[in-house]
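Undergrad: Quick one, structure for this:
(one chain, ligands or ions: 1)
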Amino acid sequence: MNNVKFPKDFLWGGAIAANQCEGAWNIDGKGASTADVMTAGDKNTPRRITMELEKNTFYPNHEAIDFYHRYKEDVALFAEMGFKTLRVSIGWSRIFPNGDDDQPNEKGLQFYEDLFKELKKYNIEPLVTLWHNETPLNLVKKYNGWASRELVDFFTKYCETVFNRYKGLVKYWITFNEINALMRPLGNWNHGAILHEGTKYFIHQKDDVNMRFQALHHQFVASAKAVKLAHEIDENYQVGCMICYITTYPLTCNPTDILKAQREDRVLNLFSSDVQVFGSYPYYIEKYFKENNIQFSRNEEDEKILKEGTVDFYSLSYYMSVCTSEESKEEKVDGNIMGGFKNPYLKTSDWDWQIDPTGLRWTLHHVYDRYQIPVMVTENGLGAKDSIEEDGSIHDDYRISYLRDHIIEMGKAIEEGVDLICYTPWGCIDLVSVSTGEMEKRYGMIYVDKDNEGNGTLERKKKDSFFWYKKVIESNGESM
Ligand code: BG6
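TA: Here you go, the predicted structure:
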């Protein structure tokens, strides 16, 4: 027994995203998205972006784990674990195959209606991300993605369609997954759907900083419009932002390191949610724009929209922390979006991501101090290789220990007053990794029989973490 207490209606669950699990990439009228043209890679081989599909090349998101056809079986497993919520995303190109179509694709709309009804059958509350790392491919070709203002209207139309259709079935929405990924060059393609001449790989992308900030601005405006619209369509809708929080410590107590950490934290972690929670660009960012010679267009009408569309809750993904320093000779660690200097007090995952449960508690206080609105941890977890015993069991004690340590810190943050209302660990069922395209970088409590080359039966198996998490939920966090 553990003495941390979670509120009685705490939303325990898990998180997945359409392009990483559904598969059925060109079925029932779905159009291709940015996720469908990325090849497989691994820790040392970057994923390639091929605007035309190549014969004999493996595209892992095309089939993924075939959640599209197997969602009933998967939802039953989530229900068996006792999930109160499931974070899913809607594939925009399943609803509007080209992004700029006049009419939505009925079969796509029906799929999500069926999925949400299936969840409701087990009293699982859907938590729905409107945009999770995929933009209809046609919008890249025709408009250069989010660099164009037209995307704001296309996205708004898509939001209006799904807000109307799923009224009564959904309560919680998230506008953009990890919107702050656009603060870094990696965000060009995966988040901005901008393909620069010469970009071939998911990592090492060409960068146009003005275009990237223009894209981010368009997403801020699109997000604010979506929030306003959601509230108009259904007053029960709650809409949140979602930030990839990479907690950044000063490497030393040298005041210059402290200042650097503060600067990076503000710009990389806090800036985007400052805009989405407070409804305007914060004071400190103007100097950053000036210093980096960043110029893009924003107007008075945009400012009004940002003010009118502030979010109801704050959500974050938290996997790791990094250190920063003015010195540059220290050892480095990796990360999903950004690496940093190695922290001598922390261990790293097999993919070199630094494991830091205490950093989660620090971060929860940090954001709640600032925003004073309900907080959700909508991604967290350990990507690791699993092996199956002869009797079919999977002993993933490393994953249990990662999750347990983070849950304990969340419990403490709640006791200390943070209004944390939800926890959806990432990839509760194994799925395709974003950064590497691998299947064998597994986060799940449910194993999926599929390897990095796409071989396997797709059979689902319960890992030890499945039974462990079930007990955690059953006891509302008391038994860990
Ligand atoms: C987050 C994304 O950045 O990290 C997820 O929102 C992603 O979509 C997750 O899968 C883990 O990253 P990766 O690269 O291990 O899949």
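
Undergrad: any idea how far residue 30 lies from the ligand?
TA: 19 Å (C-beta to the nearest ligand atom, to the nearest Å). All C-beta spots, glycine's among them, are computed from the backbone N, C-alpha and C.

Undergrad: just the residues of the chain that are near the ligand, which are they?
TA: Contact residues, the chain versus the ligand (C-beta under 6 Å from any ligand atom): 17, 20, 133, 177-178, 244, 317, 336, 379, 383, 426, 433-435, 441.

Undergrad: swap the cut-off to 8 Å and go again
TA: 17, 20, 132-133, 177-178, 181, 244, 317, 319, 336-337, 351, 379, 381, 383, 426-427, 431-436, 441, 443 (C-beta under 8 Å from any ligand atom).

Undergrad: Among those residues, which ones are in helices?
TA: Within the residues of the chain next to the ligand, residues falling in helices by DSSP state H are residue 20.

Undergrad: Now the closest residue to the ligand within the stretch 1-150 of the chain: closest residue in space that isn't a chain neighbour?
TA: When distances are taken as C-beta to the nearest ligand atom, the stretch 1-150 of the chain reaches nearest to the ligand at residue 17, 5.1 Å away. Spatial nearest neighbour of residue 17, chain neighbours left out: residue 132 (4.1 Å); criterion: C-beta to C-beta, 6 or more residues apart in numbering.

Undergrad: count of residues packed around the one you found?
TA: 25 (other C-beta atoms under 10 Å).

Undergrad: Restricted to strands, list the residues of the chain next to the ligand.
TA: Using DSSP state E, the members of those that fall in strands are 244, 317, 379.

Undergrad: Quick one: residues contacting the residue nearest the centre of the chain.
TA: Geometric centre of the chain, nearest residue: residue 177, 4.5 Å, by C-alpha atoms, centre = their mean. Contact analysis of residue 177 by C-beta atoms under 8 Å, 6 or more residues apart in numbering lists 17, 89, 129, 131-133, 242.

Undergrad: check contacts around the spatially closest residue to it that is not a sequence neighbour.
TA: Spatial nearest neighbour of residue 177, excluding adjacent residues (C-beta to C-beta, 6+ apart): residue 132 at 4.2 Å. Applying C-beta under 8 Å, 6+ apart, we find residue 132 in contact with 17-19, 89, 177.

Undergrad: of those, closest to residue 105?
TA: Closest approach to residue 105 among the contacts of residue 132 (C-beta to C-beta): residue 18, at 13.8 Å.

Undergrad: what about the residue nearest to that closest one when sequence neighbours are not counted, how many residues close to it?
TA: Leaving aside its sequence neighbours, residue 18 sits nearest to residue 91 (C-beta to C-beta, 6+ apart; 3.8 Å). Applying other C-beta under 10 Å, we find 27 other residues in the vicinity of residue 91.

Undergrad: returning to what we had before: please tabulate the ones in strands among the residues of the chain next to the ligand in CSV, including the columns neighbour count and pLDDT.
TA: As requested, these are exported to CSV (neighbours: other C-beta atoms under 10 Å; pLDDT from 0 to 100):
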residue, neighbour count, pLDDT
244, 25, 97
317, 21, 98
379, 26, 98
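
Undergrad: Residue 208 is in contact with residue 198, isn't it?
TA: No - checked against C-beta atoms under 8 Å, the pair residue 208 and residue 198 is beyond contact range at 11.0 Å.

Undergrad: In terms of pLDDT, where does the residue of the stretch 1-150 of the chain closest to the ligand sit?
TA: Residue 17 carries a pLDDT value of 98.

Undergrad: shift numbering so it begins at 168
TA: Renumbered: residue one is now 168, and that last one reads residue 184.

Undergrad: I'd say it and residue 255 touch.
TA: Yes - using C-beta under 8 Å, residue 184 is in contact with residue 255, at 7.4 Å.

Undergrad: what is in contact with those two at once?
TA: Joint contacts of residue 184 and residue 255 (C-beta under 8 Å, 6+ apart) are residue 296.

Undergrad: Low-confidence regions, the stretch 368-517 of the chain specifically.
TA: 495-506 (pLDDT under 70).
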